[in-house]
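# Sequence and predicted structure, then a few things I'm wondering about:
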Amino acid sequence: QVQLVESGGGLVQAGGSLTLSCAASGRTFTNYYWGWFRQAPGKEREFVASIHWSGARPYYPDSVKGRFTISRHNAKNTVYLQMNSLKPEDTAVYYCAVTGRLGYPHDRSDEYDYWGQGTQVTVSS
């Protein structure tokens, strides 16, 4: 049974940093894409970052480009999201996800097959 578990969320002041982790179990994801999404109250789920299992082709929307970095550790079956220069508008529940589908950059939530339960990130002003 595949399971994705996020951790690392919390409360941080604007301008601060957090690193989220997502540990996968139940299988390895060779040649899959990892993704991070977020959802704020009353808003749709928003794409944050994606990366290939090999570490290639990280992709970010403009809203987080230059501030967020996605990375992975294949031996640990884990993906990370380093978030710097956080803003109050980054407040949301953050989800990791995995997809084995072809294509790029996998910035749509309906492309993903497995999801974690989410971790709350709150940025105070």
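Thanks, I have the structure now. Numbering: from 1, shown residues only.

# residues contacting the spatially most central residue of the chain?
Geometric centre of the chain, nearest residue: residue 36, 2.2 Å, by CA atoms, centre = their mean. By CB atoms under 8 Å, 6 or more residues apart in numbering, the residues touching residue 36 are 20, 22, 47-50, 70, 79, 81, 94-97. Heads up, the C-betas are built off the backbone N, CA and C, glycines and all.

# for residue 55, same thing?
71-72.

# Relative to residue 124, how far out is the closest residue to residue 1 other than its chain neighbours?
Distances taken as CB to CB, 6 or more residues apart in numbering place residue 26 nearest to residue 1, at 5.0 Å, with adjacent residues excluded. From residue 26 across to residue 124, the span is 36 Å (CB to CB, to the nearest Å).

# Show residues contacting whichever strand or helix holds residue 79.
Secondary structure assigned from DSSP states H and E places residue 79 in strand 78-83. Residues from elsewhere that reach strand 78-83, judged by CB under 8 Å, 6+ apart: 17-24, 34, 36, 48-49, 51, 64, 67-73, 90, 94, 96, 121.

# tell me which residues of whichever strand or helix holds residue 37 are tucked away?
Element membership of residue 37, judged by DSSP H and E, is strand 33-39. Applying a neighbour-count criterion of 16 or more other CB atoms under 10 Å, one finds 33-38 buried in strand 33-39.

# ok, so of these, who is nearest residue 10?
Checking the buried residues of strand 33-39 against residue 10 with CB to CB, the nearest one is residue 38 at 14.4 Å.
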